[in-house]
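A.B. asks: generate a structure from the sequence data that follows.
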Amino acid sequence: MGAPIAADLSCPLDIIVVRKLGAPGRSELGVGAIAEHGVRVLNDDLIRYLRVKDDHLTAVEDQERVELGRRVERYRRGRPEVDLKGRVAIVVDDGLATGYTARAAVLAARARRAGEIVLAIPVGAEDTVTALEGLADRVVVLTVPKDFRAVGFWYQNFTQTSDKEVLAALESARRRYDSFFD
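C.D. replies: The predicted structure is shown next:
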């Protein structure tokens, strides 16, 4: 989702790798998220409600940190992160349900010392959008439906983006951005 935005704004495209921490027996239900730069955010209320044990959180986080590292290595291919220090970072997410992966991404951009963070999303749950307005410098959301349900409900095609597609988008953006400075 970030590739067309970067192309339209003629700016570099980079990734912030984030991984959801799933609930026991319901991995799609995020009780938190992790991101690069040691970022970890937890939904303490949901963890208490579901009675998630510390050993489950530790095991899931260890597993997701391995996957996070794999993706960082694969997607960056040894290239450095785009320097965000003092710059505007547009963090793009496919939508906000609980918002914990977006929270982690925003905090990772802060860790990279972005000057301003704009969270751009096509759809989000009203309470989550409101909560993230206090974390990002600006939240741009296309629609906040009263009957939100789930992010995937608002897409015709909500299949996961493959590593191959991510790599192609990053490489295309790098070539396009580098050509501006040749």
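A.B. asks: can you list the weak-confidence ranges in the protein?
C.D. replies: 179-182 (pLDDT under 70).
A.B. asks: can you pull out the helices in it?
C.D. replies: 2-9, 44-50, 54-76, 100-111, 126-133, 163-179 (DSSP state H).
A.B. asks: by how many degrees do the strand ranked longest in the chain and helix 100-111 diverge?
C.D. replies: Among the segments of the chain that qualify as a strand by DSSP state E, the longest is strand 26-35. Interaxial angle of strand 26-35 relative to helix 100-111 (axes from the mean of the first three to the mean of the last three C-alpha atoms, to 10 degrees): 10 degrees.
A.B. asks: show me what strand 26-35 is packed against.
C.D. replies: Under the contact definition 3 or more C-beta pairs under 8 Å, 6 or more residues apart in numbering; DSSP states H and E, strand 26-35 sits against strand 18-23, strand 39-42, helix 44-50, helix 54-76, helix 100-111. For glycine as for every other residue, the C-beta is placed from the backbone atoms N, C-alpha and C.
A.B. asks: out of these, which comes closest to residue 33?
C.D. replies: With distances scored as C-beta to C-beta, the stretch of these nearest to residue 33 is helix 100-111 (4.0 Å).
A.B. asks: pretty sure residue 82 is touching residue 12, no?
C.D. replies: Yes: at 4.9 Å, residue 82 counts as touching residue 12 under the criterion of C-beta atoms under 8 Å.
A.B. asks: quick one: common contacting residues for the two?
C.D. replies: Common neighbours of residue 82 and residue 12 are not found (criterion: C-beta atoms under 8 Å, 6 or more residues apart in numbering).
A.B. asks: would you turn the helices and strands packed on strand 26-35 into CSV with mean neighbour count?
C.D. replies: Shown next, in CSV, are these (neighbours: other C-beta atoms under 10 Å):
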stretch, mean neighbour count
strand 18-23, 22
strand 39-42, 18
helix 44-50, 13
helix 54-76, 14
helix 100-111, 24
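A.B. asks: redo these as CSV? Include distance to residue 132.
C.D. replies: CSV is the format used below for those (distance: least, C-beta to C-beta, whole Å):
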stretch, distance to residue 132
strand 18-23, 14
strand 39-42, 11
helix 44-50, 16
helix 54-76, 21
helix 100-111, 6
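A.B. asks: and of the ones you listed, who's closest to residue 156?
C.D. replies: Taking the helices and strands packed on strand 26-35 one by one with C-beta to C-beta, helix 100-111 is closest: 21.8 Å.
A.B. asks: off-centre distance for that closest one?
C.D. replies: In terms of C-alpha atoms, centre = their mean, to the nearest Å, the centre of helix 100-111 is set 7 Å apart from its chain centre.
A.B. asks: please consider this matter closed, and thank you.
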